Each structure stands twice: as structure tokens, then as C-alpha cells.
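Q: Please work out how this folds:
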Amino acid sequence: MEELMTEQSSNVATAVYVQTNDATENEVVAFGRREDGQLAPLGRFPTGGRGTGEPHLPSQSSIVLSDDGAQLLVVNAGSDELSLFSVGDGGLLLSDRVASGGATPTSVAIHGDLVYVLNNGTPNIAGFKIDNGRIVELEGSARPLSADNADPAQVSFSLDGRTLVVTERGTDSISAYAIDERGHASGPTTIKSSGKTPYGFDFTPDGAMIVTEAFGGALGAAAASSYSLTDPGRLAPVSGSVGDTRSEVCWAAVTKDGRFAYVTNFGDGTISSYEIARDGRLALRDAVAGSTRLGEKGIRDEAISRDGRYLYAIDADAQKVFGWAVGSDGALASIGAFEGVPQTVAGLAAS
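A: Numbering: from 1, shown residues only. Here you go, the predicted structure:
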């Protein structure tokens, strides 16, 4: 097996978290991670809210960890709420639950103590602060997207926290907001996506943003593109659409050193890998770097562990979490599949 990418580990528990998105009682399903990447069930932890109860929640980052891994945020798309957990060695403790500031929250972002929720049904973004284990509304922080038909997929902060980005599938656009010292967002400044149906994205340590493009689910049309941040709240294209030859790409994860990106292709159960140049330009490395069930639909949300050694992804239709070791050359090596998630499973965060 290739040499594994490593990074200094933190003191927080090493685990993988997903949400059930259950319409009656949403829960977080937690798995403990062993040194070899294997997962073992830690338990289920009610969010206090409700999911949609439908398979394939159409978003990235419906569940996220704080920068230090000590807190976990989960959107409850069915009850229009946001839940906050504190993370411990033995599992999760529900700290707070508040209204999301809009309808049908599907994605959430955190930087320090600042949180923004993406409400797909409104559509808007709404800001909050975490204060002593409580979620406090950031008054006057709600902002609209570029259009009522935006159909947003993901919200996330740039690594420096000065920009908040939302991908808009309905308008084939990407909206960016500048964040001021109070945590309020100004904008959006909206640009057309390089390709159609921009979906999930992630940032490199140097600030390049890698975005997947589903092209409406057209067969063999899946692609990714990249952008740079020219100023807070302003994006500029770097790489145009670079195809991966697969279908229905949606989710993106960038390695800790910023050299590779992995995108999951729902249409055929595959993961494609891209090489990322120093200037943020993309080149396809492997059309099929890994797979859950090759040729079968179902692979969805993914995340790389905090130490950079492992990639995990859910296959909702198989009702499993799959894992791979991440090689220093970007190659993926399967470490197995782990049961214990429902067909409505959504989101994935890894510490």
C-alpha cells in the first residue's frame, strides 16, 4: 500500500458522523475510527428535530464539525431547525437546537464561533454565533441568494473565514458573500459557473475552490472546475470544466495538502480523483479512483479524516459507509464497508 498522508492528530475523538434524516426523529449515527481506519458503532444521538424522511437529501455539508472538532452541527430539514452537539470520547451531547432562520435547511458552515445555515426552501442564508454551548441568532444577518429559484446545494466558508460561498444549481451560478468583523455577510456577488449544475465544493489550503458540476445528471457529463478568491466575497475562474467521464457528480473533498480532490459520482457508484496544481488548475487523475458498488447508483456525501489518512463516503442505497486509505500519490485503497445507516442517510463529517 502507498505511504499514507499524515497530519498531527488533535485530542478530540476520531470518529465519523452521519445523520439519519428521519422524518419522525432525526438522529446522528456515530462511528468510532480505529488507527487502521476501520469503523465501529458508537451509538445514535437524537437531534431533537426532524428530517425530510426522503432518501438522497440534495446537499453537501448537512452535518459539519467545528474547526477544533469539539462541536458538531446538524441541520434538520424537516423541522427547519439547527442542532448543536458537544463531542466527547463516549459520543455526543445535545447542547442546543434553534430555528434555522428559513425553510428547509440543507447545509451548514462554521468558522470559529460563526455559523451560517443555508435554507433551500426560502432560499437564504442565516447567521448565528456559538456562545457557551448555545446557538445565538446573529440579528440582521439573513441574506437572500441571487434568485428565488436558486436551488442551493452547499454553503461553506473560505479557510480564512472572510468569504462565504453558496452554489446555486437552479441558476447555474456561484454566489459569494464578504464577511465583516461582526460576522455579517454582504452581497452576494454572483458569477456564472463554468459548467451546469454546480453542486459540492471544497477549498485547498492555498484558497482555491474546487466545485463539482453535475450537468443536470446527463450521462457521462460529470465535471469539476476551480476558482480563486480575488478579494473577500469575489471569485474568479481558474480551470473551466474538466470532465471525469462519469455521471451525476455531486460531492467534493480536497486532501489536507491541497494536491488532490475526490468527487463522488452518484450515477455509477464511483469516485474520481483530480490533481490540483499550485495555481489551482485541475487535471483528471483517475476517472475511477474508487467505488462503492461499481455501476450502481448510491454513493453520496464524503469527507477526509482530520489527519488526512482516510476518505469516507456513504452509499445510501447500500445503507453503508465505505472507507479508503489515502495514498501520498493520491491513490485510494479500500479499507472496507460498514453497516448501520438507513436509506435516508445524509451528510458525513469525519474527525
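Q: from here on, contacts and neighbour counts on C-alpha atoms
A: Will do.
Q: Between the two ends of stretch 84-94, what distance do you get?
A: Terminal residues of stretch 84-94 lie 6 Å apart, using CA to CA, to the nearest Å.
Q: Please point out which parts of it sit buried.
A: Residues Leu84, Phe85, Ser86, Val87, Gly91, Leu92, Leu93, Leu94 are the ones in stretch 84-94 that count as buried (16 or more other CA atoms under 10 Å).
Q: Please flag which of those sit within strands.
A: Leu84, Phe85, Ser86, Val87, Gly91, Leu92, Leu93, Leu94 (DSSP state E).
Q: Closest to the mean position in the protein, which residue would that be?
A: The centre of the chain sits closest to Ser61, judged by CA atoms, centre = their mean, with a distance of 3.3 Å.
Q: related to what we said a few turns ago, dump the buried residues of stretch 84-94 to a markdown table, plus distance to Ala103 and pLDDT.
A: Formatted as a markdown table, the buried residues of stretch 84-94 follow (distance: CA to CA, whole Å; pLDDT from 0 to 100):
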| residue | distance to Ala103 | pLDDT |
| --- | --- | --- |
| Leu84 | 18 | 98 |
| Phe85 | 21 | 98 |
| Ser86 | 25 | 98 |
| Val87 | 27 | 97 |
| Gly91 | 29 | 92 |
| Leu92 | 26 | 97 |
| Leu93 | 25 | 97 |
| Leu94 | 22 | 98 |
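Q: Show me the two of these that sit farthest apart.
A: Leu84 and Gly91 (13.2 Å; CA to CA).
Q: doesn't Tyr116 make contact with the residue nearest to the centre of the chain?
A: No - between Ser61 and Tyr116 there is no contact under CA atoms under 8 Å: 11.5 Å.
Q: which residues do those two both contact?
A: Val108, Ala109, Val155 (CA atoms under 8 Å, 6 or more residues apart in numbering).
Q: okay, those in a markdown table with secondary structure next?
A: Output for the shared contacts of Ser61 and Tyr116, formatted as a markdown table (DSSP: H, G, I helix; E, B strand; the rest coil):
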| residue | secondary structure |
| --- | --- |
| Val108 | strand |
| Ala109 | strand |
| Val155 | strand |
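Q: Now, of those residues, which are buried?
A: Val108, Ala109, Val155.
Q: The first one is in contact with Leu73, isn't it?
A: Yes - counting by CA under 8 Å, Val108 does reach Leu73; the two are 7.4 Å apart.
Q: anything in contact with each of those two?
A: Ile63, Val64.
Q: Give me the neighbour count for Asp68.
A: Asp68: 13 surrounding residues under other CA atoms under 10 Å.
Q: quick one, phi/psi of it?
A: Here is the backbone geometry of Asp68 (degrees, to the nearest 10): phi -90, psi 0.
Q: Could you do Gly217 as well?
A: phi 80, psi 10.
Q: which secondary structure element contains the residue lying closest to Glu137 once chain neighbours are set aside?
A: Excluding the flanking residues, the one nearest Glu137 by CA to CA, 6 or more residues apart in numbering is Phe128, at 4.4 Å. Using DSSP states H and E, Phe128 sits within strand 124-131.
Q: how about that strand: buried residues?
A: Asn124, Ile125, Ala126, Gly127, Phe128, Lys129, Ile130.
Q: ok, now how distant is the first one from Asn21?
A: Put plainly, it is Asn124. For Asn124 relative to Asn21 (CA to CA), the value is 21 Å.
Q: now swap in the last one and tell me
A: Taken as CA to CA, the spacing of Ile130 relative to Asn21 amounts to 23 Å.
Q: Next: the fifth one.
A: To Asn21, Phe128 is 22 Å away according to CA to CA.
Q: all strands for the stretch 251-351 of the chain, in order.
A: Listed in chain order, the strands of the stretch 251-351 of the chain (DSSP state E, counting those that start in this stretch) span 260-265, 270-276, 282-291, 299-304, 310-315, 320-326, 332-339, 346-350.
Q: Distance to Phe215, mean neighbour count and mean pLDDT for those strands - can I get that in JSON lines?
A: Shown next, in JSON lines, are the strands of the stretch 251-351 of the chain (distance: least, CA to CA, whole Å; neighbours: other CA atoms under 10 Å; pLDDT from 0 to 100):
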{"stretch": "strand 260-265", "distance to Phe215": "12", "mean neighbour count": "29", "mean pLDDT": "98"}
{"stretch": "strand 270-276", "distance to Phe215": "16", "mean neighbour count": "25", "mean pLDDT": "98"}
{"stretch": "strand 282-291", "distance to Phe215": "17", "mean neighbour count": "19", "mean pLDDT": "98"}
{"stretch": "strand 299-304", "distance to Phe215": "16", "mean neighbour count": "29", "mean pLDDT": "98"}
{"stretch": "strand 310-315", "distance to Phe215": "21", "mean neighbour count": "26", "mean pLDDT": "98"}
{"stretch": "strand 320-326", "distance to Phe215": "26", "mean neighbour count": "24", "mean pLDDT": "98"}
{"stretch": "strand 332-339", "distance to Phe215": "26", "mean neighbour count": "17", "mean pLDDT": "98"}
{"stretch": "strand 346-350", "distance to Phe215": "22", "mean neighbour count": "28", "mean pLDDT": "98"}
